[in-house]
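# no FASTA, just this:
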Ligand code: PMP
């Protein structure tokens, strides 16, 4: 059976201030966001009816829009409430939550000053991003054909639709070659992140992760840094070169969709799906389910 396409489902989508029947939540073909990528989005997960780090996601949506030059007419609290309403309207408790904001149809062309900002929130059931086996077996990544751009070439802090062009190209190249995902290097050739998740490495009990100076300092990344420190693990944020991959024993990805997923391989380098990673995966699960409290996500000191 083929799953229902995303435009043809039962349920409700919050759009510009009200819940609409799912199939009626549409935009016109001449929408600035569609033609010029003036669109920003979020991805969060609800666990047992509670959306993890919801206000951090709402704040990032506002900040991403601002970086792209448009102001959302909603506060963090209003976006939080829209997300909760959408979850409840769809009778979901464990779900992925997707807020999105874009420039409308009032103007065509590169200029967009007269466009109006729009916002919508959808949610749907979404199991493990990399499938149920990933936590046990670990993922296989290749090296992406595309690099993360320098911060003076695109607004790297925004979770903006346009930045995913090279993620999709790299993900397709990986999947075509039989891999689960790709490791993207940055414009300097340093290790950056996967196509939709941050990356960490264990070396002799210490955790290493690239400095997020040209990619997202993810909310899950920040949470995992806090969880690791809670266990007394040293976390070192620094430039990591691909030559070093041979020296790491364990590696994993973090993201709201990806959660904590171990890696088994990046190109020619292999990693154990080891206890240190599995412990942090369990800690993250405990955190998002409310079984660990008082852990505050730690933003990068250098982003
Ligand atoms: N990098 C990219 C490119 C992403 O798409 C994501 C997922 N939003 C992340 C990192 C991780 O961010 P977060 O933990 O905030 O979901």
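Okay, I see it. Every value quoted in this text rests on a predicted model; they were computed, and no experiment measured them.

# quick one: contacts for the residue of the stretch 201-303 of the chain found nearest the ligand?
With C-beta to the nearest ligand atom, the shortest gap between the stretch 201-303 of the chain and the ligand falls at residue 218, namely 2.6 Å. Where you see a C-beta, it was placed from the backbone N, CA and C, and this is true even at glycine. Taking C-beta atoms under 8 Å, 6 or more residues apart in numbering as the criterion, residue 218 is in contact with 197, 198, 212, 254, 255, 256.

# the second one touches residue 256, doesn't it?
No: between residue 198 and residue 256 there is no contact, the gap being 10.6 Å when judged by C-beta atoms under 8 Å.

# so what's in contact with those two at the same time?
Joint contacts of residue 198 and residue 256 (C-beta under 8 Å, 6+ apart) are 218, 220.

# if we ignore the residues flanking it in sequence, what's nearest the residue in the stretch 1-150 of the chain that the ligand sits nearest to?
In the stretch 1-150 of the chain, the residue that lies nearest the ligand is residue 43 (5.1 Å; C-beta to the nearest ligand atom). Distances taken as C-beta to C-beta, 6 or more residues apart in numbering put residue 256 closest to residue 43, at 4.9 Å, once the chain neighbours are dropped.

# and that neighbour, how many neighbours?
Using other C-beta atoms under 10 Å, residue 256 has 24 neighbouring residues.

# what sits against it?
43, 44, 45, 52, 53, 57, 218, 219, 220.

# where in this structure is pLDDT low?
By pLDDT under 70, the low-scoring segments of the chain are 1-3, 302-303.

# any idea which helix or strand carries the residue lying closest to residue 295 once chain neighbours are set aside?
Take residue 295 and drop its neighbours on the chain: the residue closest to it by C-beta to C-beta, 6+ apart is residue 226, 4.8 Å away. Per DSSP states H and E, residue 226 falls inside helix 219-230.

# helices or strands up against the next helix or strand after that helix?
The helix or strand immediately downstream of helix 219-230 is strand 235-238, counting by DSSP H and E. Strand 235-238 is packed against strand 206-210, helix 219-230, with contacts defined by 3 or more C-beta pairs under 8 Å, 6 or more residues apart in numbering; DSSP states H and E.

# does residue 290 count as helix, strand or coil?
coil (DSSP: H, G, I helix; E, B strand; the rest coil).

# neighbours around it, how many?
The burial count for residue 290: 11, using other C-beta under 10 Å.

# ditto for residue 131
12.

# and what of the one 5 residues further on?
Around residue 136 there are 10 other residues, counting by other C-beta under 10 Å.

# quick check: the gap between the closest residue to it other than its chain neighbours and residue 71.
Excluding the flanking residues, the one nearest residue 136 by C-beta to C-beta, 6+ apart is residue 273, at 6.9 Å. Distance from residue 273 to residue 71, counting by C-beta to C-beta, to the nearest Å: 45 Å.

# grab the nearest non-local neighbour of residue 8.
Excluding its sequence neighbours, the residue lying closest to residue 8 (C-beta to C-beta, 6+ apart) is residue 23, at 6.4 Å.

# and the helix or strand hosting residue 182, how far from the chain's centre?
In the assignment (DSSP H and E), residue 182 maps to strand 181-185. In this view, strand 181-185 has its centroid 14 Å away from the chain centroid, taken as C-alpha atoms, centre = their mean, to the nearest Å.

# now do the end-to-end distance for stretch 65-77.
Terminal residues of stretch 65-77 lie 16 Å apart, using C-alpha to C-alpha, to the nearest Å.

# in it, which residues are buried?
By 16 or more other C-beta atoms under 10 Å, the buried positions in stretch 65-77 come out as 65, 68, 70, 72, 74, 76.

# how about stretch 239-249?
By neighbour count on 16+ other C-beta under 10 Å, the buried set for stretch 239-249 is 240, 245, 248.
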